[in-house]
Structure formats: C-alpha cells, structure tokens
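**Q** Any chance you could fold what I've pasted below:
(one chain, ligands or ions: 1)
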Amino acid sequence: MHYVSSIFILIDQNHVNLTQFNLKIADLEIFSSKLLQAAVDEFTRLPGIGRKTALRLVLHLLRQKPEAVENFSGSISKLRNEVIYCNRCNNISDQELCTICASHARDTSTICVVEDIRDIIAIENTGQFSGLYHVLGGIISPMEGIGPNDLNISSLLERANSPDVKEIVFALCTTMEGDTTNYYLFKKLKHLEIKLSVIARGISIGDELEYADEVTLGRSIINRTPYEHSISR
Ligand SMILES: [Zn+2]
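**A** From the prediction side, this is the model:
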C-alpha cells in the first residue's frame, strides 16, 4: 500500500514530466487489482476528489465491515432511485411537496429564488426567512452552455402569476452569471404587480451563498433591496 501511495505522490509531483513521455496517469497500470482500480476511478468522478483522496477513501471502505459498506452503497443508490423533487419548488423531498412548501407556518406571499438546495439549507440555517423557495437548478452560464431553458424558470413564472405572491427575492450568487440570471428573471417578471428584490450585498462579490456565514447571510436577507435599485447603481 505504501508503494502505491508513493507512486501517487511521485505522479502528482512529476505530472509535467510524465506527460512529456505521453503517459497519462489514468493509463498507468499501477494497481494490483482491477476492482481497486475501478473503485478509485468511480470516486475520482466526484467533484473535488483527486486520485490520492479517492484511493484513501476506497482503502478506508475496504477496512470496514461488509454490512457497513452495503449500507453506504445502498443509501446512495436508494437516494438516486427514490429521491423526488418538490412539485412546487424543486427542493429535494420525500413527498410531492417538500416540508417547507407543505408547512402552514410559512409565508406563502414571498418566494426566494436560489440556485440549488445547498442555498436553501444555508438560508434556513439563518432562521431569518419564513417564505417559500424556488430552486432554479443552476444559473445562466453561456460559457458552460446553460441557458434559461435548462433551468426551472417557467415554473417560477407560473408561480409568480399566483395572486398569493407579493414578493420574489433573488438570492443567487454574486458572480457575473448570478447577475445575468437576476437580470433575466427581472425582465420576465417586471410586468407583474409584485415586489422584486435582491439580497443585500453583505456577501462579497463572487461569493457562493453556501459559504457565507449565517449572520451575514441572515442580514443580507433582512436588508434585501428592490432589484431596480441594484441595477441603477
Ligand atoms: Zn417545495
């Protein structure tokens, strides 16, 4: 095992040299087992997981009892096969309506638009927002080929037409893509008699919502400003 780890360190450090010899890390037959190789390959497909971390995780799983590994893989495939998305807001849910949409304690007149469910979790943790959410499932990014039709925008427009809705809060990340998406939504919604607001820029430009601390994010929601003010600056 030590030998394998050493090779990984060597490969990482000498990646440039290796490429000169037209060798690709993935092509190297350095594993003693194809099963091990396959498992490491699967882990490296996950975001943020390099080959060294993948190997460490696989070896960790190998040291566990078979039932523990069964539970691990079973919960992931069950999640993938059985998870459903809320009919109304696209939050991950076990029912047709997520617990937030189904709750009678929520303020149904306000919808907070977020990129993905990590943002719902971050905002819920602040305890400063009692309205409903709408998960876009991404943001407009021409560089990555993501256009408005790839996102849950038409369902947002439908919801915005409900007489219950009085305000829509844009709570997207403060990047150029976030701004583009805010502007697109503003143009689609501005003819409606509802307040369109954007979370205050207590969050630095370029920040992802999920990394903002709870107090800052909570304040940004409380101090949200009319969207039109944000584009006239
Ligand atoms: Zn929902």
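**Q** and the protein, which of its residues are near the ion?
**A** 86, 88-89, 91, 98, 101 (CB under 5 Å from the ion). Using the backbone N, CA and C atoms, a C-beta is placed for each residue, glycine as well.
**Q** and if we set it to 8 Å?
**A** Counting by CB under 8 Å from the ion, the residues of the chain lying close to the ion are 86-91, 93, 97-102, 132-133.
**Q** In the protein, where's the longest helix?
**A** Longest helix in the chain, counting residues (DSSP state H): helix 66-82.
**Q** With adjacent residues omitted, what lies nearest to the most centrally placed residue in the chain?
**A** Residue closest to the average C-alpha location in the chain (CA atoms, centre = their mean): Asp116, at 4.5 Å. Leaving aside its sequence neighbours, Asp116 sits nearest to Val135 (CB to CB, 6 or more residues apart in numbering; 6.1 Å).
**Q** ok, the one you found touching Asn152?
**A** Yes: with contact defined as CB atoms under 8 Å, Val135 counts as touching Asn152 (6.4 Å).
**Q** Using the record's domain definitions, break this structure down for me.
**A** Following automatic domain parsing, one gets these domains for the chain: 2-81, 85-232.
**Q** any idea which of the ones you listed is most buried?
**A** Counting by mean count of other CB atoms under 10 Å, domain 85-232 has the highest mean neighbour count of those, with a mean of 17.
**Q** Pick out the least confidently modelled helix or strand of this structure, by mean pLDDT.
**A** In the chain, the helix or strand scored least confidently by mean pLDDT, DSSP states H and E is helix 15-20, which has a mean of 44.
**Q** partners of Gly131 in the sheet?
**A** Following DSSP bridges, Gly131 is listed with bridge partners Asp107.
**Q** What score does it have for pLDDT?
**A** With respect to pLDDT, Gly131 scores 97.
**Q** what separates the residue lying closest to Asn91 once chain neighbours are set aside from Asn81, distance-wise?
**A** Excluding its sequence neighbours, the residue lying closest to Asn91 (CB to CB, 6+ apart) is Cys98, at 4.1 Å. According to CB to CB, to the nearest Å, Cys98 and Asn81 sit 19 Å apart.
**Q** Going along the chain, name the strands of the chain.
**A** 84-85, 92-93, 107-114, 131-135, 167-170, 195-198, 225-226 (DSSP state E).
**Q** Need those strands in CSV (columns: distance to Leu57).
**A** CSV is the format used below for the strands of the chain (distance: least, CB to CB, whole Å):
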stretch, distance to Leu57
strand 84-85, 28
strand 92-93, 24
strand 107-114, 30
strand 131-135, 29
strand 167-170, 37
strand 195-198, 39
strand 225-226, 44
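**Q** looking at those, which has the lowest confidence?
**A** Among the strands of the chain, strand 225-226 carries the lowest mean pLDDT, a mean of 84.
**Q** Contacts for that strand, please.
**A** If you take CB atoms under 8 Å, 6 or more residues apart in numbering as the criterion, strand 225-226 is touched by 195-198, 200.
**Q** Could you save those residues as TSV and add columns showing distance to Gln128?
**A** Output for the contacts of strand 225-226, formatted as TSV (distance: CB to CB, whole Å):
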residue	distance to Gln128
Lys195	17
Leu196	19
Ser197	14
Val198	15
Ala200	12
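**Q** Right, I'll call it a day here.
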